[in-house]
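S.K.: need the 3D shape of this:
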Amino acid sequence: MTTSQKSRRARIALAACLLAFPLAAAGSASAADEVSLVGRWDVMVTVHNGVPPQQGPMICDFTPDHRLHCGTKPGGPPQKGDGIWTQTGRGTISFWITHPEPNGSINATHLGEVTRTGFTTRAVAYVYLPDGTPLIGPVQVEADATRL
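M.R.: Okay, here's the model as predicted:
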């Protein structure tokens, strides 16, 4: 093997080590920095079904078995909801929630991000009649939450 081949291999090995170092450091840090949606949240839901958009304050509990339960905060319009959630990646979340109504139900699929102290999502919601017929939608929805 010539000196130039040895030098080239050494440079390649050095470059590989330098490139791998940030990945290894990030891998060990990400385990310590992992956030979870599990817990109780103060959520402000904004529904873009008119001008101005409607807002609804809720308290939502995300449980370790990937269920969620929401209820209206005192003073807000009565609303409850139940659904399922998943954490699709580091800090990335999605959840589906249904809100029963006397004349049907509201179903929304949320996608967003979570940190240790809050989460934000964007969603598309549909209103269904009791027989399952779609009535209104898609309606744009946003949620902005703070951990309690």
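S.K.: quick one: residue 70 from residue 50, how far?
M.R.: 22 Å (CB to CB, to the nearest Å). C-betas here are computed from N, CA, C, even on glycine.
S.K.: more neighbours, these two?
M.R.: residue 70 (22 against 8; other CB atoms under 10 Å).
S.K.: what lies in contact with the host helix or strand of the more buried one?
M.R.: For residue 70, the host element (DSSP states H and E) is strand 67-72. Contacts of strand 67-72 with the rest of the structure, by CB atoms under 8 Å, 6 or more residues apart in numbering, involve 43, 56-63, 78-85, 95, 97.
S.K.: of those, buried ones?
M.R.: Neighbour counting by 16 or more other CB atoms under 10 Å classes 43, 56, 58-60, 62, 79, 81, 83, 85, 95, 97 among those as buried.
S.K.: could those go into CSV alongside distance to residue 135 and secondary structure?
M.R.: Below are those laid out as CSV (distance: CB to CB, whole Å; DSSP: H, G, I helix; E, B strand; the rest coil):
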residue, distance to residue 135, secondary structure
43, 24, strand
56, 19, strand
58, 22, strand
59, 27, strand
60, 25, strand
62, 28, strand
79, 17, coil
81, 18, strand
83, 20, strand
85, 25, strand
95, 22, strand
97, 17, strand
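S.K.: going by distance to residue 107, which of those residues wins?
M.R.: For those, the residue nearest residue 107 by CB to CB is residue 97; the value is 7.4 Å.
S.K.: residues in contact with the closest residue to that closest one other than its chain neighbours?
M.R.: Distance criterion CB to CB, 6 or more residues apart in numbering; nearest residue to residue 97, sequence neighbours excluded, is residue 83 at 3.6 Å. If a contact means CB under 8 Å, 6+ apart, then residue 83 has 67-68, 95-98 as its contacts.
S.K.: pull the longest strand from this protein.
M.R.: Secondary structure assigned by DSSP state E gives strand 134-147 as the longest strand of the chain.
S.K.: what ranges in the chain fall below the confidence cut-off?
M.R.: Residues of the chain meeting the criterion pLDDT under 70: 1-33.
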